[in-house]
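K.L.:
okay, sequence plus prediction incoming.
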There are 2 protein chains.
Amino acid sequence: MGFTGCSCENCHNKMCSKRVPIFSAFNEDELSRVSGLIIRRQYKKGELIILEGACPESLIIINSGRVKAYRNTIEGREHILYIFSEGDFFGEKNLLLDHEATYNAEALEDTGICTINKKAFQELMREYPELSFKVMEELCSRLARLENTIESMGTKNVELRVNSVLVEFSEKYGSQHPRGILVELPMSREGIANYIGLTRETVSRKMSLLQEEGIIEMVGNKKVIILDMERLSL
Amino acid sequence: MGFTGCSCENCHNKMCSKRVPIFSAFNEDELSRVSGLIIRRQYKKGELIILEGACPESLIIINSGRVKAYRNTIEGREHILYIFSEGDFFGEKNLLLDHEATYNAEALEDTGICTINKKAFQELMREYPELSFKVMEELCSRLARLENTIESMGTKNVELRVNSVLVEFSEKYGSQHPRGILVELPMSREGIANYIGLTRETVSRKMSLLQEEGIIEMVGNKKVIILDMERLSL
DNA sequence: CGCGCAGTTGATTAGGTTCAAGGGATGTGG
DNA sequence: CCACATCCCTTGAACCTAATCAACTGCGCG
């Protein structure tokens, strides 16, 4: 089911908290305590974890798998805001205030999550300021990413947007390859289009162009080799 | 100089921290302590407070005035990310990690700020978890706003973008008026255009259209009366 | 009162969307 | 292991709309 290591419940929980950056400063004892607060849940590919407008009572941390956070626009398209993967958390809007969820969260593949009741998590943050700091760091880095996204969406230059999304994916899903960096695309052309606010046709065309220019090479539909990172991130 | 109340240094500082939402849970004694950590500074309209790429050592809180946070795009345009006003803070990227500032901050009018050394602020957050919580709340609400912005920028419908920016301004800078809501626009057409990723001409045209349709009425160049909020936020 | 800058308006152009059709990849069943 | 079906991706052509370029207007300031 995507889990590594031994199979006892206890271990699972510990591993969950151990893999999570926000708990990285915790020692074994503290982690055990956290484990006690966690409820685990399993979702199948395509299942909805949070529905926009709901008021979940818990912070959700991804144990394994990948989740897309998106909204449906008035035009009926789906706009993807985040792709979360192992170790990421979401539902932060509800952490302190009782806000409604501002996006849908759907499992992109079979996904295991840990939930922590928000009151309990607040208590933890009160006790361990380092935990608050980690959460803040993550929030700030999300802000930074959204700021970048907004800048590139404000940009008229569409090529630039496609390029930057490829660079972004290469940082998150890339691995070394003799001819460059092999990137496992986390979504389809349509997904990418919805992520950067274009249509799938345009994404397709721009990527074909990049291939013609020898900057990337497509490997099937789900992979891309970035041959010339220089020119891509320029 | 834009300050209200008595003129002794002490009072000023207290007022500064009192007006600031993140310190709203502090009592008089705690506020005095905060005041001791604050260094005040004054900027003239048009002056740069933070330069993108700099590493300011402090959190900056606005005491009076307004500040625009923006980046220069590759195309040479200026993209506005935030308009901060009294009580807002910025420089949060540097609060925990030593990140560079990701945007320029420029005073839109004569502006008074308070700066708190980041180490000292961290110490405060460690001692008063409530302070961390307030900061997190603010970060989350910024995330929410950016998510909205991204959604509306992903939208092809340009009218919608102009409409939502007017609604946003009405919430922040609007006041009652016999015929609707009077909004003091915080920036020029060009500013608005740079805020929502359009050109000034397009903003102009769309606003003229809205006026023709009887949804808004322009009062000079810096004010707008929203006559029909229904149709605007639809 | 007149100057200058911001805003408006018009004509043209460019580029992405849309609609439509063809091509590959992936996966299933025989 | 191959054939087939489906889904996604790609490519082409026409259209539409915002950007651009350019001229004009008028508000706001000295």
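P.N.:
That came through fine.
K.L.:
give the bridge partners for the residue positioned nearest the centre of chain A, please.
P.N.:
The centroid of chain A falls nearest to A:Phe84 when counting by C-alpha atoms, centre = their mean (1.7 Å). Beta bridges link A:Phe84 to A:Val67, judged by DSSP bridges.
K.L.:
my read: it touches A:Val67, true?
P.N.:
Yes - judged on C-beta atoms under 8 Å, A:Phe84 makes contact with A:Val67 at a distance of 4.5 Å. For the C-beta atoms, the positions are set from N, CA and C on the backbone; glycine is no exception.
K.L.:
show me the strands in chain A, by range?
P.N.:
Ranges of strands within chain A are A:38-43, A:48-50, A:58-64, A:66-72, A:78-85, A:89-90, A:104-107, A:111-117, A:174-177, A:180-184, A:216-219, A:223-226, based on DSSP state E.
K.L.:
now the longest one: mean pLDDT?
P.N.:
When you say that, I think you mean strand A:78-85. Averaging pLDDT along strand A:78-85 yields 92.
K.L.:
swap in the last one?
P.N.:
For strand A:223-226, mean pLDDT rounds to 96.
K.L.:
ok, it: who's next to it in the sheet?
P.N.:
In its sheet, and by DSSP bridges, strand A:223-226 pairs with strand A:180-184 (antiparallel), strand A:216-219 (antiparallel).
K.L.:
can you give me the buried ones in the last one?
P.N.:
This points to strand A:216-219. Judged by neighbour count using 16 or more other C-beta atoms under 10 Å in any protein chain shown, the buried positions of strand A:216-219 are A:Ile216, A:Glu217.
K.L.:
does any part of the lengthiest helix in chain A sit near DNA strand C?
P.N.:
In terms of residue count, the longest helix belonging to chain A (DSSP state H) is helix A:129-154. No - Helix A:129-154 lies out of reach of DNA strand C by C-beta under 7 Å from any atom of the strand, never closer than 10.8 Å.
K.L.:
near DNA strand D, anything from that helix?
P.N.:
No - using C-beta under 7 Å from any atom of the strand, helix A:129-154 never reaches DNA strand D; the gap is at least 9.2 Å.
K.L.:
what helices and strands are in contact with that helix?
P.N.:
On a contact count with 3 or more C-beta pairs under 8 Å, 6 or more residues apart in numbering or on different chains; DSSP states H and E, helix A:129-154 meets helix A:118-127, helix A:158-173, helix A:189-196, strand B:78-85, helix B:93-96, helix B:118-127, helix B:129-154.
K.L.:
what parts of chain A come near DNA strand C?
P.N.:
Checking chain A against DNA strand C by C-beta under 7 Å from any atom of the strand, the hits are A:Val158, A:Glu159, A:Gly197, A:Leu198, A:Thr199, A:Glu201, A:Thr202, A:Arg205, A:Gly220, A:Asn221, A:Lys222.
K.L.:
could I have the buried ones of those as ChimeraX selection syntax?
P.N.:
One line in ChimeraX is enough to select the buried members of the residues of chain A next to DNA strand C, burial here meaning 16+ other C-beta under 10 Å:
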select /A:158,197,198,202
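K.L.:
redo the residues of chain A next to DNA strand C as a markdown table? Include distance to B:Arg231.
P.N.:
Listed next are those as a markdown table, based on distance: C-beta to C-beta, whole Å:
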| residue | distance to B:Arg231 |
| --- | --- |
| A:Val158 | 31 |
| A:Glu159 | 37 |
| A:Gly197 | 25 |
| A:Leu198 | 29 |
| A:Thr199 | 28 |
| A:Glu201 | 33 |
| A:Thr202 | 31 |
| A:Arg205 | 37 |
| A:Gly220 | 48 |
| A:Asn221 | 43 |
| A:Lys222 | 44 |
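K.L.:
tell me where the model's unsure across chain A.
P.N.:
The model of chain A has pLDDT under 70 over residues A:1-18.
K.L.:
which parts of it belong to which domain?
P.N.:
Domain segmentation of chain A under automatic domain parsing yields A:9-153, A:156-233.
K.L.:
convert stretch A:214-223 to CSV, retaining C-alpha atoms only.
P.N.:
Listed next in CSV are the C-alpha coordinates belonging to stretch A:214-223 (Å, rounded to 0.1, in the frame of the first residue of the first chain):
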residue,chain,number,x,y,z
GLY,A,214,16.4,21.1,-28.7
ILE,A,215,15.7,22.4,-25.2
ILE,A,216,13.6,19.5,-24.0
GLU,A,217,12.8,16.0,-25.2
MET,A,218,9.5,14.3,-24.5
VAL,A,219,9.6,10.7,-23.4
GLY,A,220,6.2,9.3,-23.9
ASN,A,221,3.5,11.6,-22.5
LYS,A,222,4.4,11.5,-18.8
LYS,A,223,8.1,12.3,-18.9
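K.L.:
outside of that stretch, which residues touch it?
P.N.:
A:166, A:179-180, A:182-185, A:188-189, A:207, A:210-211, A:224-228, A:231-232 (C-beta atoms under 8 Å, 6 or more residues apart in numbering or on different chains).
K.L.:
what does chain A put close to DNA strand D?
P.N.:
So chain A meets DNA strand D at A:156, A:188-191, A:200-201, A:203-205, A:207-208, A:218, A:221 (C-beta under 7 Å from any atom of the strand).
K.L.:
going through those, which ones are buried?
P.N.:
Counted by 16+ other C-beta under 10 Å, the residues of chain A next to DNA strand D give A:Arg189, A:Gly191, A:Val203, A:Met207 as buried.
K.L.:
so how far is stretch A:216-225 from its chain's centroid?
P.N.:
Put simply, stretch A:216-225 sits 21 Å off its chain's centre (C-alpha atoms, centre = their mean, to the nearest Å).
K.L.:
same check, this time on stretch A:196-213
P.N.:
Per C-alpha atoms, centre = their mean, the centroid offset for stretch A:196-213 relative to its chain is 23 Å.
K.L.:
contact partners for the residue nearest to the centre of chain A?
P.N.:
A:Ile62, A:Arg66, A:Val67, A:Lys68, A:Ala69, A:Phe90, A:Ala105.
K.L.:
by neighbours, which of those residues wins?
P.N.:
The most crowded member of the contacts of A:Phe84, judged by other C-beta atoms under 10 Å in any protein chain shown, is A:Ala105 (27 neighbours).
K.L.:
contact partners for the residue of chain A found nearest DNA strand D?
P.N.:
For chain A and DNA strand D, the shortest gap (C-beta to the nearest atom of the strand) falls at A:Ser188, measuring 2.7 Å. Applying C-beta under 8 Å, 6+ apart to A:Ser188 gives the contacts A:Arg200, A:Asn221.
K.L.:
redo the residues of chain A next to DNA strand D as CSV? Include distance to B:Glu171.
P.N.:
As requested, those are exported to CSV (distance: C-beta to C-beta, whole Å):
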residue, distance to B:Glu171
A:Lys156, 28
A:Ser188, 37
A:Arg189, 37
A:Glu190, 34
A:Gly191, 33
A:Arg200, 35
A:Glu201, 37
A:Val203, 35
A:Ser204, 39
A:Arg205, 39
A:Met207, 40
A:Ser208, 44
A:Met218, 45
A:Asn221, 44
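K.L.:
nearest to B:Ser152 among the residues you listed?
P.N.:
A:Lys156 (16.6 Å; C-beta to C-beta).
K.L.:
look up the closest residue to the closest one, ignoring the ones flanking it.
P.N.:
B:Glu75 (6.7 Å; C-beta to C-beta, 6 or more residues apart in numbering or on different chains).
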